[in-house]
Each structure stands twice: as structure tokens, then as C-alpha cells.
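> okay, sequence plus prediction incoming.
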Amino acid sequence: MKKSKINKIRNIGIIAHIDAGKTTVTERILYYTGRSHKIGEVHDGEAVMDWMVDEQERGITITSAVTTCEWESSEIHVIDTPGHVDFTIEVERSLRVLDGAVGVFSAVEGVEPQSETVWRQADKYGVPKMAFVNKMDRIGADFLGTVEMMKERLNANPLIIQLPVGQGDDFTDVIDLIHMKQIRWDDDALGTTFALLPIDSDYVSRAEKYRENMIEAVAEYDDELMEAYLSEQPIDEAKLIGAIRASTIKLELVPVLCGSALRNKGIQPLLDAIVNFLPSPLDVPPINGSHPETGDSIECRARETDPLAALIFKVSMIEGRKLSFVRVYSGKLKAGGEVYNPTLKKKEKLARILQMHANKRERVDMAGAGNIVGVVGLKDSSTGETLCSADNPVLLENIDIYEPVISVAVEPKTHSDQEKMDEVLQKFMAEDPTLIVRKDEDTGQTILSGMGELHLEIITSRMQREFNTNVNVGKPQVVYREAIASPAEATAIFDKEIAGQRLYGEVSVSVVPLPRGAGNRFKSNISEDELPGIYIDAARKGALESLESGSVLGYPVVDVEVTLERAKHKDALSTELAYTVSASMACRESLSKADPFLLEPIMDVDVFVPESFTGEVIGDLNARGGKIESIDHKMGSQLIIATVPLSRMFGYSTSLRSATQGRGTFTMQFSHFDRS
């Protein structure tokens, strides 16, 4: 692929609720830009971007796929993100490196719960957004209703720049309000050709009204346009596009387009809008990093002549090889060159740089500022780490990681599977920061902890499918936490002979409960005159390590302050090990005296049900210990928002389907830990 100027690059993500049509939109983008020569359909399991077997079977996106295509001399890097809440980390790390996003909404369901989540994630990173109202051909489609929901639910400021001609079965064309033309696609040519026609007489007055509204909304943010609008001068289309672009990049407006990706309508104008309205790497503020040693702030500008600053936002194991996905913010990466990882304080070699097209790749010699590429050859670097030059080190902000809430035990079926299993899980952990693997010392089982039932199901399915590792999988278990209800104090003495040397340490610690969510803290009431600093540090280490396994069921202890109250010191016998062990023993004893109890994960649950089933669904949620927060009426359905303990939600999808004749859907995500 030829080298593009930075101002011609667009790094965009397609974000939405599950089943709003993200992957279908992306498939059309690839087809119309000439990147693929056949339209892959999600329902046939042939979508280019859903290349994993599990994705094809389930018809959902699990992993973010990256591809590159060209439109109107611009180079567009597209990331198709998952819509399922169990894979939120995939969306989070994609949005972290994108300059713009296209939110896809179903015209029938409107703004759904996971759409809100991903939209807020985009807000968190200040990502400029556009909206594409998809499925205009479906019965019950409501374009203006969806736009209203964007205002209510997302606090967005939508700018309607297109109108549908008809809705549901009557949907045929799209009216472009900027150029005041009606766009009609040729169905026989799979939408590759289209005609710009005069607007149907039935729609002219409506189009004029909405164009006036559009110009008025944009003029609020552009003085020159406001002047022309007030003096009733003709509005220059190029100036109008420039004003919409400026307002979109400043997060003041969200341009809204419409169409039906499955019926091949609306994609080319969407590509035009991506190029016209979403920012290039030069249009967004430079990312700030810090000097790894001094902590001084460093601005990383999108220039190839500046020092290198790049972020690894995803690691993937494809065909057993480690492939790192990298966003280059400034400077350039060269194939065969050396880079520096300031987190590990290590140099790494770039064997190859790849331009990505889902799971297909094209080798390139160099990647400059603004590019998103795959890199082969990084042995130790992982997700969230920075690549820079050793002469100009810079550390970029890491990516937020979510706490896992659900676990399963896995056991290898044969001895040969044991070695394979450990190796495969190491690869999965490198790929997925939300997967945590630990050994249960009592049972010897390997415990996988993740974001939800589907997340762990996919992991165990991939172990068997991709790596031919046969495992027995236990039932999902909730990941609890432990806390204490009252203060307590204990003293422990460690006095033992090890390898012919007597070791002595005596420590008294107290524990007090902290407010929920405060985390764990350690403080010392002993001065360094009474006890040398290295022994206080050793006691801190022992105390904090003891909080990793509580006295109720061995889960991590949270929201506790441990205070080192007293310590005895014998010059010849005291060692760091003695203080680490005695502090750990004292801390464990005081925790067991402090009325420990379990905290369980409480989930935010959003249930969509037809009105006739509302009573039954609410009754079921109450029986599961749920608290109903609100019930909203929406397009003949009810949205029930509740909080429910995770332990009571196993098998909920089956019971919801049977209670609603298969018409109810729900999303669930972690809210907080609370007393069980």
C-alpha cells in the first residue's frame, strides 16, 4: 500500500451494541473500497472481520479486527470492535488508540445498553463520533426516534445530515441534506453504483426544513456561517462541510447518517462522511506521555521527524506467533530496527511490520506517525506498554483493565495435555489482560477468571479448537472478595533456625475496615530509630501479601488498613525474612479476629422485554435477589434496569428465553462488590 500523508489518514472504530450491524457495515466498507471482492455475511459465517471459528459459529464479534482500506485518496484504518459486554476490554483498548468512531445503531431498537457503554468509553478518551442508523429496511424502524434516544441516553448533540426515504418495507433511498440530492442505489449491482437524483416532490418541503435545522445547528459553532445564514445568503457547501468537520472534531456535534448495510444502501456516503468529518492524526491534540525517570510531561506530536512514541494496544497469538498491534503516535517504526520498552527497561527488535487486513497481512518496511500496524518480533513487550527510542524515552498512559468476576476450574484430560494447557494459557493471558489464571493450592486445579460466562466459554472453546488441548471444564464460580467488619490486633513471633542460622522477628499489627472501594493501605507507627527501614518494608510486604488470601474462603481481602504498631528487634538475629513472615502471621491472625465476611459481585442488569412479559420477568429478578432500579417504556418494549448478585444470575439467559418466548434480551456488567 502506498504511503499516505498524515492528514489523509483516518483511524476509526466501528462501535455499537451486539447485533446492531457493526460487522455488516465493516464488510460493506471493505467491499466498496475494493479491499475484498466478495461481500461476507455474518449470518453465513463468512464475514472477513469475524475470522475466528467461534465468531463465525456464534455470529458475533469476539476480538477487535484491524483492517486498512482506501477511499477518495485517504487511508482508513478500521477497527471492528465487539458488542458483547464480556469483551468490553477489546473496545476499551481500541478506543484508546483511535482518532474517531462510528456508532452504529439499529433503527428498530435504537440506543441499547451496550451502545451507551461504548459511547461513554469513547467520551472518556475524547473520541469524535459520527452515528449511522442502520436497519432502516426493518419493520418498526424509527429514524427520528433513534435520534431522540441519542439525545436522552447519550447526552449527544446529533446533527441530522441525511433523511431516509420511507422506513421499514418502504425504505428505498437516502436524502443528502448537504448537497440536497436523493441517493438511489442499484440493487442489481449490489449497491456498487448509485444515482444522485432530484429530491422526490413529496419530500422536498421536509428536506428543506431539516436542511434549515442542520445549518442553524452548525452556525451556532461557526461565526462565518451564522453571518451567511442570518443574511439569507446561499450557503457554500464546502464551507458547510468544513464547519461540520470542525464541530465534530471539537465534540460539539455528532453527524447522523442512515441506511441499511444488509441491503447495501448508505455505505458510500458513510465513507465520504468518515473522510470529510472525522479527524486525521493531525486534527486531534497530541498525546502526552511522561519521562520514565523524571516524570516530566512530554508531548508526542504526529510527525515522522519527531522521536518515536508508539503504544501496543493488543497482542494476538496467530498460528502460534506473537503479533503485537501498535499505534504509532510520533516518529516511525522501521522493520529490522530496534525499539526501547521503558516499562521493562529493555530493547526489543522489530522483525517485521505488517499492514493488517483482518487475519491477512501485507509486509511494509516502515510505519510512520498516525499508522496502526501489526509488529512481529517483540518477545517480552505486552498490552499497554510503550515503544520508543532509548535516546528519547517516553512512557504513554497504560490501558485500564477490568476486574474479573467469574471463574471456572479446568483440568487437562491427559498428562500430555497438562504441558500444552499451561503453554496455551500463557498465550491467552498475553492476548487478554482480563483473563487471570491461578493454581488452587488445595485442589491442584487451574482456575480461569474472566469477565463473564461467554468470555470463559470462548477461552475454553479456543483451547480445544485452535490448540487441540483437551480439558475438563467445571461449572462457573463467582469470584468473591473478603472484608472485615471490626478492628482487631494480633502479635506474632517468628523464631526459627533455618540452614544453621537462627532467625527472629516479632511484630504487632492492627487492622481496621475502610469504606467500600477505598482499597488496601499500610502504615507504620514505628519510627526508623526503633526499627530499621528495611525491616519496616519487609513487614509491609508480608502484611500486604497476607491480604491476597482471606480467612473465610481464601479470596483476596479488600478495604483494610493494616498498621504496624510494635516490633522487637534483636541485632544478631533479626532478618528481613523474619519480619516478612511474622507480619504476615500477625496480619492473618488479626483478620480472623476482625469479623471477616464475604463480598460478592453485584451486576448491573438491563433486560429488554415485550410489555406482556414484564410482570413475569420482574418477579424472576426479585426471586434472584435483584433490586429494580427503573422501568422505561420504549417502542412497545420495556427496559428493566436492575442490580442482581452475580451468583444468582447463572443460567439466566435460558430462563429469560423461556419466560418471554425467546423475545427477551439482556446485558449484564459488573457494578460493585457488596456484602453477601
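Sure, I can see it.

> endpoints of stretch 524-532, how far apart?
12 Å (C-alpha to C-alpha, to the nearest Å).

> list the contacts of it.
For stretch 524-532, contacts defined as C-beta atoms under 8 Å, 6 or more residues apart in numbering pick out Ile536, Ala539, Arg540, Thr563, Leu564, Glu565, Arg566, Ala567, His569. C-beta here means a position set from N, CA and C on the backbone, and glycine is covered the same way.

> now with 10 Å, please.
When contacts are taken as C-beta atoms under 10 Å, 6 or more residues apart in numbering, the neighbours of stretch 524-532 outside the stretch itself are 507-510, 533-540, 543, 562-569, 574, 576, 579.

> buried ones only from those, please, as a PyMOL command.
What follows is the PyMOL syntax selecting those of the contacts of stretch 524-532 that are buried according to 16 or more other C-beta atoms under 10 Å:
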select buried, resi 507+508+509+510+535+536+538+539+540+543+562+563+564+565+567+574+576+579
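
> okay, and which of the contacts of stretch 524-532 map to helices?
Residues of these located in helices (DSSP state H): Gly533, Ile534, Tyr535, Ile536, Asp537, Ala538, Ala539, Arg540, Ala543, Glu576, Tyr579.

> which pLDDT value belongs to the fifth one?
In this case it means Asp537. According to the prediction, Asp537 has pLDDT 90.

> which ones are touching it?
With contacts taken as C-beta under 10 Å, 6+ apart, Asp537 has the following neighbours: Ser524, Glu576, Tyr579, Thr580.

> again with the first one
Applying C-beta under 10 Å, 6+ apart, we find Gly533 in contact with Ser524, Ser527.

> residue ranges with poor pLDDT in the stretch 401-550 of the chain?
401-403, 405, 441-443 (pLDDT under 70).

> check the secondary structure at Thr654 for me.
For Thr654, the reduced secondary structure class is helix; criterion used: DSSP: H, G, I helix; E, B strand; the rest coil.

> gap between it and Thr460?
Taking C-beta to C-beta, to the nearest Å as the criterion, Thr654 is separated from Thr460 by 19 Å.

> and what of Ala189?
Look at Ala189 and Thr460: by C-beta to C-beta, they are 44 Å apart.

> so for the two, which sits in the more crowded spot?
When neighbours are counted by other C-beta atoms under 10 Å, Thr460 comes out ahead of the other of Ala189 and Thr460, with 16 against 10.

> next, the buried residues of the helix or strand where that one lies.
When elements are defined using DSSP states H and E, Thr460 is found to belong to helix 453-466. With burial defined by 16+ other C-beta under 10 Å, the residues of helix 453-466 counted as buried are Glu453, Leu454, His455, Leu456, Glu457, Ile458, Ile459, Thr460, Ser461, Arg462, Met463, Glu466.

> want to try CSV for those residues, with distance to Arg138 as columns?
Conversion of the buried residues of helix 453-466 to CSV gives the following (distance: C-beta to C-beta, whole Å):
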residue, distance to Arg138
Glu453, 29
Leu454, 25
His455, 29
Leu456, 33
Glu457, 29
Ile458, 28
Ile459, 34
Thr460, 35
Ser461, 31
Arg462, 33
Met463, 38
Glu466, 35
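
> rewinding a little: and of the ones in helices among the contacts of stretch 524-532, the nearest to Val410?
For Val410, the closest of the ones in helices among the contacts of stretch 524-532 turns out to be Ala543, at 32.2 Å, with distances computed as C-beta to C-beta.

> any idea how far the spatially closest residue to Gly377 that is not a sequence neighbour is from Gly331?
The spatially closest residue to Gly377, leaving aside those adjacent along the chain, is Ala351, at 3.0 Å (C-beta to C-beta, 6 or more residues apart in numbering). Separation of Ala351 from Gly331 (C-beta to C-beta): 19 Å.

> between these two, which is the more surrounded one?
Neighbours were tallied for Ala351 and for Gly331 using other C-beta under 10 Å; the higher tally belongs to Gly331 (26 against 13).

> for Met366, see how far away the more buried one is.
Applying C-beta to C-beta, the value for Gly331 to Met366 is 11 Å.

> which neighbours do these two have in common?
Between them, Gly331 and Met366 share the neighbouring residues Glu304, with contact defined by C-beta under 10 Å, 6+ apart.

> can you list the weak-confidence ranges in the stretch 551-676 of the chain?
Within the stretch 551-676 of the chain, the stretches falling below the threshold (pLDDT under 70) are 572, 634-636, 676.

> all the helices of it, residue numbers only.
In order along the chain, the stretch 551-676 of the chain carries the following helices (DSSP state H, counting those that start in this stretch): 576-593, 614-623, 652-659.

> and if you look at the stretch 351-500 of the chain?
Taking DSSP H, counting those that start in this stretch to define them, one finds helices in the stretch 351-500 of the chain at 415-431, 453-466.

> which strands and helices sit next to the longest one?
With contacts defined as 3 or more C-beta pairs under 10 Å, 6 or more residues apart in numbering; DSSP states H and E, helix 415-431 has these neighbours: strand 309-318, strand 321-330, strand 406-412, strand 436-439, strand 446-450, helix 453-466, strand 471-473.

> can you put these in a markdown table and add distance to Val165?
Below are those laid out as a markdown table (distance: least, C-beta to C-beta, whole Å):
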| stretch | distance to Val165 |
| --- | --- |
| strand 309-318 | 40 |
| strand 321-330 | 39 |
| strand 406-412 | 47 |
| strand 436-439 | 52 |
| strand 446-450 | 46 |
| helix 453-466 | 39 |
| strand 471-473 | 51 |
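
> of the ones you listed, which is nearest Ala238?
Checking these against Ala238 by C-beta to C-beta gives strand 321-330 as the closest, at 30.4 Å.

> and the closest one, how far from the chain's centre?
Using C-alpha atoms, centre = their mean, to the nearest Å, the distance from the centre of strand 321-330 to the centre of the chain it belongs to is 17 Å.

> buried stuff in it?
Residues Lys322, Leu323, Ser324, Phe325, Val326, Arg327, Val328, Tyr329, Ser330 are the ones in strand 321-330 that count as buried (16+ other C-beta under 10 Å).

> tell me how many other residues crowd the spatially closest residue to the fourth one that is not a sequence neighbour.
Put plainly, it is Phe325. With C-beta to C-beta, 6+ apart as the measure, Lys314 is the residue that lies nearest to Phe325, at 4.1 Å, once sequence neighbours are left out. Using other C-beta under 10 Å, Lys314 is surrounded by 27 other residues.

> I'd assumed Val373 was in contact with Lys314.
No: proximity of Lys314 to Val373 does not meet the contact threshold set by C-beta atoms under 10 Å, at 11.8 Å.

> got any residues that touch both of the two?
Shared contacts of Lys314 and Val373, defined by C-beta under 10 Å, 6+ apart, comprise Val66, Ser324, Phe325, Val326, Arg327.

> the third one: what's it in contact with?
If you count contacts by C-beta under 10 Å, 6+ apart, Phe325 has them with 64, 66, 79, 93-94, 97, 311-316, 354, 356, 372-375, 383.

> just so I have it, where are all the helices in the stretch 201-350 of the chain?
Under DSSP H, counting those that start in this stretch, the stretch 201-350 of the chain gives helices at 201-219, 223-230, 237-249, 267-277.

> got those as a markdown table, with mean neighbour count and distance to Ser297 columns?
Rendered in a markdown table, the data for these read as follows (neighbours: other C-beta atoms under 10 Å; distance: least, C-beta to C-beta, whole Å):
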| stretch | mean neighbour count | distance to Ser297 |
| --- | --- | --- |
| helix 201-219 | 16 | 35 |
| helix 223-230 | 14 | 33 |
| helix 237-249 | 18 | 23 |
| helix 267-277 | 21 | 30 |
